[in-house]
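Trainee: turn this into a structure:
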Amino acid sequence: MNDIQMLITVGMMAIATMLTRFLPFILFPEHKPIPKTVTFLADRLPYASLGMLVIYALKDVNLQSAPFGSYELISLAVIAVIHHLKNNTLLSIGGGLIVYLLLVNVF
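Mentor: I've put the predicted structure just below:
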């Protein structure tokens with residue numbers, strides 16, 4: 001990649017970043033009500049994206065050979081318990097990650 005191509009790439013990335021930051025304020029000014037469709041999506045998309053991430057993370061789990069997905073199941077249970085008790089997403093994901101890494105590397 002020569003200097004001109006690199007400059008164009010950085011410029012396009014800067015424009016794309018600014019566009020994604022400023023576009024919501026342009027499309028939905030403060031004095032106008034937010035459309036019901038946007039409110040509906042804003043309520044549901046975080047849960048849908050987390051569900052897709054869980055499915056993506058578990059798609060390669062082999063249930064037909066040892067340990068039969070038990071490491072993943074145990075770490076998911078730890079995530080659920082910590083999140084239920086503490087209601088802290090980062091703490092629950094971090095705890096589940098630590099448990100999973102310990103299970104994979106120790107056993």
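
Trainee: looking at Met1 now. What's its pLDDT?
Mentor: pLDDT for Met1: 86.

Trainee: just the helices in the protein please.
Mentor: Listed in chain order, the helices of the chain (DSSP state H) span 3-27, 36-58, 70-86, 89-106.

Trainee: so what does the second one touch, helix or strand wise?
Mentor: When you say that, I think you mean helix 36-58. Under the contact criterion of 3 or more C-beta pairs under 8 Å, 6 or more residues apart in numbering; DSSP states H and E, helix 36-58 touches helix 70-86. Quick note: C-beta positions are derived from backbone N, CA and C, even for glycine.

Trainee: residues contacting the helix it packs on, please?
Mentor: 54, 57-58, 61, 88-89, 91-93, 95-97, 99-100, 103-104, 107 (C-beta atoms under 8 Å, 6 or more residues apart in numbering).

Trainee: ranking the helices of the chain by burial, who's on top?
Mentor: helix 70-86 (a mean of 15; mean count of other C-beta atoms under 10 Å).

Trainee: relative to helix 36-58, how tilted is that one?
Mentor: Interaxial angle of helix 70-86 relative to helix 36-58 (axes from the mean of the first three to the mean of the last three C-alpha atoms, to 10 degrees): 140 degrees.

Trainee: so helix 70-86 versus helix 89-106, what angle?
Mentor: 150 degrees.

Trainee: now helix 70-86 - C-alpha only, CSV.
Mentor: Provided in CSV are the C-alpha atoms of helix 70-86 (Å, rounded to 0.1, in the frame of the first residue of the first chain):
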residue,chain,number,x,y,z
SER,A,70,-19.3,-29.7,29.9
TYR,A,71,-16.7,-26.9,30.2
GLU,A,72,-18.9,-24.6,28.2
LEU,A,73,-22.0,-25.6,30.2
ILE,A,74,-20.2,-25.0,33.5
SER,A,75,-18.9,-21.6,32.4
LEU,A,76,-22.4,-20.6,31.2
ALA,A,77,-23.9,-21.6,34.5
VAL,A,78,-21.2,-19.5,36.3
ILE,A,79,-22.0,-16.6,34.1
ALA,A,80,-25.8,-16.9,34.8
VAL,A,81,-25.3,-17.3,38.6
ILE,A,82,-22.9,-14.4,38.9
HIS,A,83,-25.1,-12.2,36.8
HIS,A,84,-28.2,-13.2,38.8
LEU,A,85,-26.4,-12.4,42.1
LYS,A,86,-24.4,-9.3,41.2
